[in-house]
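1. Give me coordinates for this.
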Amino acid sequence: MIRIPELTPELLDELGKSLGGCTFDDENQIRFLRTVDSCEVQAAPGNGKTTLLIAKLALLSRTWTSRVQGVCVISHTNAARDEVEKALLGHAAASVFLGYPHFIGTVTAFLHQYLAMPYLRGLGWSVERIDDDAFAAAAKRAMRGKASLVKRTKQRKGMFARQTETWASNLELADDFTCMAGQPPDRLKVRALRGQHGPSTDCGSDLESLKTELVNQGIYRFGDLVALAKKALDLSPNLADRVRRRFPLVLLDEAQDTSGSQLKILNTLFGNGGAAYQRLGDRNQTLYEGFAEEDTLWAPAAAVIPLNRTRRFGSEIAAFASSLTTRHRQQIQGEPGLPCRRTLLLFDQASIDRVHPAYVEEIQTHWPNPPGPPAALWAVASRHSSYRPRGAWLPKSLVDYYPSYRADSSSSAQAETLCRMMQKASLLHAGGGQPRASLAFAESALVRYLRLYGCTAENGGRIHNANLWRIPLFSEDRCRSLAVRRLFRDSILMGTSAWAKNEWESFCERLKTCLGLGDASGDKDALKLFLEFEDREAMTASTPTQSAKLAQIDGLSVHLGSIHSVKGRTVDAVLLVESEIWKGNKTEDKCMDLETILPHAFGIEECDFSGNDAHLTAATNAFVGVTRGRQVLALAVRRSAVSVQLLAAARDQGWIVRDLTLAPAS
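-> As a prediction, the model looks like this:
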């Protein structure tokens, strides 16, 4: 039985002090802390939802006595999971929930650990890697041996090549795939994409054969976990009861980011009784693409617990953000007395390069001595990747505002090259990522390298991540593993070997020396391709991340990225630049985000964005963007896209309007 101690003022005060000086004086906060039944929480940005979740676990630590039943905390992203784990580590009592019998992890990890992996073990199938990019790279290599697929890529001068590669790269198990336990599958049914050839055709047959080959190699997509989990639940009706007995309390954090089949499985497991299923999130921060998926997203029930107060920003930004709560109407209550500066920057093609400097000027005006060090200053856009310009000029991407910016993206064919994986590890480390995540890239790359070299595990077995450091190569000379780790730390994480060709070649030679390897006995051609240097535009040897992700303007560092990349953060200042929402080539499938939403946001027009996917995405992205900053909020929009009425409304509401199209005073 789940039991919460009586929430006396003294206990709440003690709880707040143990969590760094928080206060729990809102009746809806107390209502959630007290609830031991299923419930839903609609939380405004910056309301302290994660702190509230930790507070609940701290209260439960006083009464939880079972050693076989636990609390299950599920998040959508690793970043959200890490935030919860970090907060628990700082609380002596609540930290008990970091270990058995409790679970804290992503929805993918939950499906993998409690549903998909037990089912795979029962089938006797191996698991080497679950990764979409790795699967795509392996699929593109393997499809060269499929005659029908190769033939299709060459038809009509390669017209169908990209579509065929897309089919192969995104192959996922169909929900109704069939197999036999105890033997490798010889044909697996796959989920069909739009236009994909069916199994009765030669191409469709090759696609099923291709998926089967990769499954037999232990390579899966994340989407496969959903099909495997569904199959496990279908074939074992008692499995759901066992999971519910194991976890009588389930907390789904960031519920708005869990959608489609994943959310359906969780709802099947926990939404029909047997466990207290408490879902927390902000419906208005749903950043999922695809209007067709709207009915599969989390939608709070009528009896939702509203957390309307925010501690992140003041009442002025709160009022503007409230006008953009299009998915779930909510009146956000800002922090009283918190100062802010709201600026509307107007530009044209000739003055677009002045947007970022003008933003920095606004920061310096608000803070003569900016907060820090370092201050968290961000400039973000809905679209941030490069594109092929077509038609009349429009600022479609963040690259138009800051040309040296490049998104951290690459083709899936590069996903398994050693250099690309080292670059990912370097970027992850430079961005403050968890060391274990950087090491995971290094281990996966080393496994692939040793396999291509012809190395094996004990008794000639296959090397994989779980046995990497126990293979004879390392067990016979224990100094080798230490030397490899040091080389990775010094040359990749702390050095620049992944970003300069001459340094990369030296790194490969030193890696070979550290491992004590002679001539390769494996696939030498594949090994050569694996070791090639990946030259990436806008990356330099001295500053592998700054030229792409950081702008230095008048002594201040401004982080650049997509709205997705800043989601979940609290920053000091944020600039949202106008960019394109693109869902397709049709007119109704694309729009310029700020041009679309500002008339509604400033009260000039009353718009219902729910009828158009592109418009709904524009409103959602704008909401997420404007609710990141504490005190400085700037919007950059084309001068030609705003009306006189809109500018008057903005000024009436206290916004500063700066027209960069006017020549600066001499």
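2. Does the residue lying closest to His366 once chain neighbours are set aside have any beta-bridge partners, and if so which?
-> The shortest distance from His366 to any non-neighbouring residue, by CB to CB, 6 or more residues apart in numbering, is to Arg341 (4.2 Å). Every residue, glycine included, has its C-beta placed from N, CA and C. On the basis of DSSP bridges, Arg341 is bridged to Val632.
3. Then the one 4 residues further on?
-> Note on Leu345: beta-bridge partners by DSSP bridges are Ala636, Arg658.
4. which residues does it contact?
-> Counting by CB atoms under 8 Å, 6 or more residues apart in numbering, Leu345 makes contact with 355, 358-359, 575, 634-637, 658, 660.
5. With pLDDT added, can I get those in JSON lines?
-> As requested, the contacts of Leu345 are exported to JSON lines (pLDDT from 0 to 100):
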{"residue": "Val355", "pLDDT": "95"}
{"residue": "Ala358", "pLDDT": "95"}
{"residue": "Tyr359", "pLDDT": "95"}
{"residue": "Leu575", "pLDDT": "96"}
{"residue": "Ala634", "pLDDT": "96"}
{"residue": "Leu635", "pLDDT": "97"}
{"residue": "Ala636", "pLDDT": "96"}
{"residue": "Val637", "pLDDT": "96"}
{"residue": "Arg658", "pLDDT": "95"}
{"residue": "Leu660", "pLDDT": "94"}
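6. With respect to Leu120, which of these is nearest?
-> Nearest to Leu120 out of the contacts of Leu345 is Leu575 (CB to CB; 46.5 Å).
7. contacting residues for the closest one?
-> Contacts for Leu575 were tallied using CB under 8 Å, 6+ apart; they are 345, 355-356, 359, 378-380, 558, 634-636.
8. roughly how far apart are it and Lys501?
-> 35 Å (CB to CB, to the nearest Å).
9. ok, now Ile604?
-> Plainly put, Ile604 is 54 Å away from Lys501 if you go by CB to CB.
10. Thr343: what secondary structure?
-> Secondary structure assignment for Thr343 (DSSP: H, G, I helix; E, B strand; the rest coil): strand.
11. what's the answer for Trp298, then?
-> Look at Trp298: counting by three-state DSSP, its state is coil.
12. Let me see the confidence value for it.
-> As predicted, Trp298 sits at a pLDDT of 83.
13. which residues of the stretch 151-300 of the chain fall in helices?
-> Secondary structure of the stretch 151-300 of the chain by DSSP state H, counting those that start in this stretch: the helices cover 161-169, 202-216, 222-235, 239-246, 260-270.
14. Now the second one: buried residues?
-> What that stands for is helix 202-216. When burial is assessed from 16 or more other CB atoms under 10 Å, helix 202-216 yields the following buried residues: 203-215.
15. between those residues, which is closest to His615?
-> Distance to His615 across the buried residues of helix 202-216 (CB to CB) is lowest for Leu207, with 35.6 Å.
16. Hmm, the closest one is touching Thr166, no?
-> No. At 11.2 Å, Leu207 does not count as touching Thr166 under the criterion of CB atoms under 8 Å.
17. Just the C-alphas of stretch 161-174, formatted as CSV.
-> Below are the C-alpha coordinates for stretch 161-174, written out as CSV (Å, rounded to 0.1, in the frame of the first residue of the first chain):
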residue,chain,number,x,y,z
ALA,A,161,17.5,5.5,-55.1
ARG,A,162,16.7,7.8,-52.2
GLN,A,163,13.3,6.3,-51.6
THR,A,164,14.6,2.8,-51.6
GLU,A,165,17.4,3.7,-49.1
THR,A,166,14.8,5.3,-46.9
TRP,A,167,12.7,2.1,-46.9
ALA,A,168,15.8,0.1,-45.9
SER,A,169,17.0,2.5,-43.3
ASN,A,170,13.7,2.7,-41.5
LEU,A,171,12.8,-1.0,-41.4
GLU,A,172,10.9,-1.8,-38.2
LEU,A,173,9.2,-5.0,-37.1
ALA,A,174,5.5,-5.1,-37.8
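18. Identify all contacting residues around it.
-> Stretch 161-174 is contacted from outside by 135-136, 139-140, 142-143, 149, 152-154, 188-193, 195-197, 203, 207, 210-211, 214-215, 221, 223-224, 227-228, 412, using CB under 8 Å, 6+ apart.
19. Stretch 97-114 now?
-> 57, 60-61, 66-78, 80-81, 84-85, 88-89, 96, 130, 222, 225-226, 228-229, 243, 246-247, 258, 262, 265-266.
20. From one end of that stretch to the other, what's the distance?
-> One end of stretch 97-114 sits 18 Å from the other (CA to CA, to the nearest Å).
21. Please apply the same query to stretch 467-486.
-> 20 Å.
22. All the strands of the stretch 501-650 of the chain, in order from the start?
-> For the stretch 501-650 of the chain, strands defined by DSSP state E, counting those that start in this stretch occupy the ranges 550-553, 556-562, 571-577, 580-582, 590-592, 629-638.
23. Tell me what angle the last one forms with strand 571-577.
-> Okay, so that is strand 629-638. 10 degrees (axes from the mean of the first three to the mean of the last three CA atoms, to 10 degrees).
24. which secondary structure elements does strand 629-638 contact?
-> helix 315-322, strand 341-347, helix 355-366, strand 571-577, helix 593-601 (3 or more CB pairs under 8 Å, 6 or more residues apart in numbering; DSSP states H and E).
25. Could you rerun that using 7 Å?
-> In terms of contacts (3 or more CB pairs under 7 Å, 6 or more residues apart in numbering; DSSP states H and E), strand 629-638 is packed against strand 341-347, helix 355-366, strand 571-577, helix 593-601.
26. winner for burial among those?
-> The highest mean neighbour count among the helices and strands packed on strand 629-638, using mean count of other CB atoms under 10 Å, belongs to strand 571-577: a mean of 25.
27. In its sheet, which strands sit next to it, and in what direction?
-> Strand 571-577 sits in its sheet next to strand 377-381 (parallel), strand 629-638 (parallel), going by DSSP bridges.
28. Let me know which of these is the nearest to Val566.
-> When the strands paired with strand 571-577 are compared by CB to CB, strand 377-381 sits nearest Val566, at 5.2 Å.
29. Hey, what's the angle from that closest one to helix 593-601? Just curious.
-> On the basis of the same axes, to 10 degrees, strand 377-381 is oriented at 100 degrees to helix 593-601.
30. So what's the gap between strand 377-381 and the chain middle?
-> Centre-to-centre, strand 377-381 and its host chain are 17 Å apart (CA atoms, centre = their mean, to the nearest Å).
31. Follow the chain on from it and name the next helix or strand.
-> Going down the chain from strand 377-381, the next helix or strand is helix 398-401, by DSSP states H and E.
32. contacts for that following helix?
-> For helix 398-401, contacts defined as CB atoms under 7 Å, 6 or more residues apart in numbering pick out 352, 355-356, 381, 384, 386, 395, 405, 560, 577, 579.
33. And stretch 179-192, by the same measure?
-> By CB under 7 Å, 6+ apart, stretch 179-192 touches 122-124, 171-174, 176-178, 198, 207-209, 211-212, 215-216.
34. same thing with stretch 552-561?
-> Residues outside stretch 552-561 that contact it (CB under 7 Å, 6+ apart) are 356-357, 360, 363, 370, 374, 377-380, 384, 398, 402, 405, 549-551.
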